[in-house]
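Undergrad: here are the coordinates; sequence isn't available:
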């Protein structure tokens, strides 16, 4: 369970113009100069979509890629296949990362360093906050990171000693294993920036839109002329984007921020082709935004009803996720449960109290 795992119950309301995803190491061309790649992930969500764009920069013809995949032998091997089959001898000119999560940023260091000595040196492009988070997490005290995560989950009701020990162990080196380094220099993307990507005389203009709630300053890219949206993790077709409260910001209220960010996409045409990081490209953007609002509104009411008696976030997890979860899935589920509780707390519908056992509980106000 990487991003919420809630399957879209009204998936038939969306349209999928290309239902056959690319095999690992290959490219499916959706438009001239717009390629779809898929890289493997070792999670329940087993893939990430990447986007390859024909480009020309400073007079050099080459490629721009959006997102990278994690650092792993499998991902590097897939990239080598793409270099040999699709790049036609042209260099990688820039690497755009939508946000700092490992499946998006993990291999940026390798790509920007020339990918096994291929002779190119593309610049990493991303928002300042995402870049800073990525740099910070590659160098943070791993032992303390594991302890902080375990303490956070314990405060919110995770009491199983074995699970807490696994959280501590996973926290030690988890991020640096998937993102061992982040390039020391980058090019900043800010909200409203316009990126001209493409060969001379045929450039697409992509406008950056920042999204919040899933990550600190997520970048999506919209091309108005062709009604294309590189959505990253902000708009996914079958599953709900993970919106969680983590130990680094324990009083965060990310869910309203996420929903407000979604509403910005309502200003884009309803028939926009959405290029998501997970799942299939689709049209039906406004429908999907409405589905996400309805989904979270329903979950908030379920959580509120459950808080007729004091409940911890751990006790809310079965309300939101009615299936067995492994530890990796459980940490994301706890983060989402807490995000819904915090939305109700900040709205004044529930109150929070700290028990003598050191666990936070929430009850209807």
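TA: In hand now; what should we look at? All figures in this text were calculated on a predicted structure; none of them were measured in a lab.
Undergrad: Would you check that my belief about residue 198 contacting residue 61 is correct?
TA: No - in this structure, residue 198 is not within contact of residue 61 by CB atoms under 8 Å, at 10.2 Å. Placement of C-beta: from N, CA and C, glycine included.
Undergrad: which residues are in contact with both of the two?
TA: residue 55 (CB atoms under 8 Å, 6 or more residues apart in numbering).
Undergrad: Name the residue in the two with the higher neighbour count.
TA: Taking other CB atoms under 10 Å, residue 198 and residue 61 do not tie; residue 198 has more neighbours (19 against 14).
Undergrad: Need the pLDDT of the more buried one.
TA: According to the prediction, residue 198 has pLDDT 98.
Undergrad: Next one: it relative to residue 55, how far apart?
TA: Distance, residue 198 to residue 55, using CB to CB, to the nearest Å: 6 Å.
Undergrad: where does residue 229 fall, helix, sheet strand or coil?
TA: The three-state assignment at residue 229 reads strand, by DSSP: H, G, I helix; E, B strand; the rest coil.
Undergrad: hang on, residue 248 is in a helix, isn't it?
TA: No - counting by three-state DSSP, residue 248 is not found in a helix; it is coil.
Undergrad: For burial, what's the neighbour tally of the closest residue to it other than its chain neighbours?
TA: Spatial nearest neighbour of residue 248, chain neighbours left out: residue 148 (7.7 Å); criterion: CB to CB, 6 or more residues apart in numbering. Using other CB under 10 Å, residue 148 has 19 other residues around it.
Undergrad: Specify the helix with the largest residue count in this structure.
TA: Using DSSP state H, we find that the single longest helix of the chain is helix 285-306.
Undergrad: what's next to it, contact-wise?
TA: 6, 8, 10, 13-14, 229, 235, 237, 240-241, 255, 259, 262-263, 265-266, 268-272, 274, 282, 315-316, 319-320, 337, 340-341, 343-344, 349-350, 364.
Undergrad: Helix or strand next in line after it, which one?
TA: Per DSSP states H and E, the first helix or strand lying C-terminal to helix 285-306 is helix 313-320.
Undergrad: Give me the packing partners of that following helix, helices and strands only.
TA: For helix 313-320, the packing partners by 3 or more CB pairs under 8 Å, 6 or more residues apart in numbering; DSSP states H and E come out as helix 285-306, helix 327-346.
Undergrad: relative to helix 285-306, how tilted is the last one?
TA: Computed with axes from the mean of the first three to the mean of the last three CA atoms, to 10 degrees, the direction of helix 327-346 lies at 80 degrees from that of helix 285-306.
Undergrad: model confidence over helix 327-346, on average?
TA: 94.
Undergrad: The helices and strands packed on helix 313-320: which one's closest to residue 131?
TA: With CB to CB as the measure, helix 327-346 is the member of the helices and strands packed on helix 313-320 nearest residue 131 (22.4 Å).
Undergrad: ok, how many other residues are close to residue 166?
TA: Per other CB under 10 Å, the neighbour tally for residue 166 reads 18.
Undergrad: what helix or strand does it sit in?
TA: Here residue 166 sits within helix 161-171, counting by DSSP H and E.
Undergrad: Show me where this structure has its strands.
TA: Assigned by DSSP state E, the chain shows strands spanning 28-31, 34-40, 47-57, 60-66, 92-96, 123-126, 187-188, 194-197, 204-211, 218-223, 228-232, 273-276, 350-354, 360-364.
Undergrad: Within the sheet, what are the partner strands of the second one, with directions?
TA: Strand 34-40 has the following strand partners under DSSP bridges: strand 28-31 (antiparallel), strand 47-57 (antiparallel).
Undergrad: looking at these, which is buried most?
TA: Scoring these by mean neighbour count under mean count of other CB atoms under 10 Å gives strand 47-57 as the most buried, with a mean of 22.
Undergrad: Go ahead and name everything in contact with it.
TA: Contacts for strand 47-57 (CB under 8 Å, 6+ apart): 21, 27, 32-41, 61-69, 82, 86, 93-94, 103-104, 197-200, 203-204, 230, 275-279.
Undergrad: now it, how far from the chain's geometric center?
TA: Put simply, strand 47-57 sits 17 Å off its chain's centre (CA atoms, centre = their mean, to the nearest Å).
Undergrad: Okay, angle between it and strand 228-232 too, please.
TA: 130 degrees.
Undergrad: Okay, angle between strand 47-57 and strand 60-66 too, please.
TA: In terms of direction (the same axes, to 10 degrees), strand 47-57 departs from strand 60-66 by 150 degrees.
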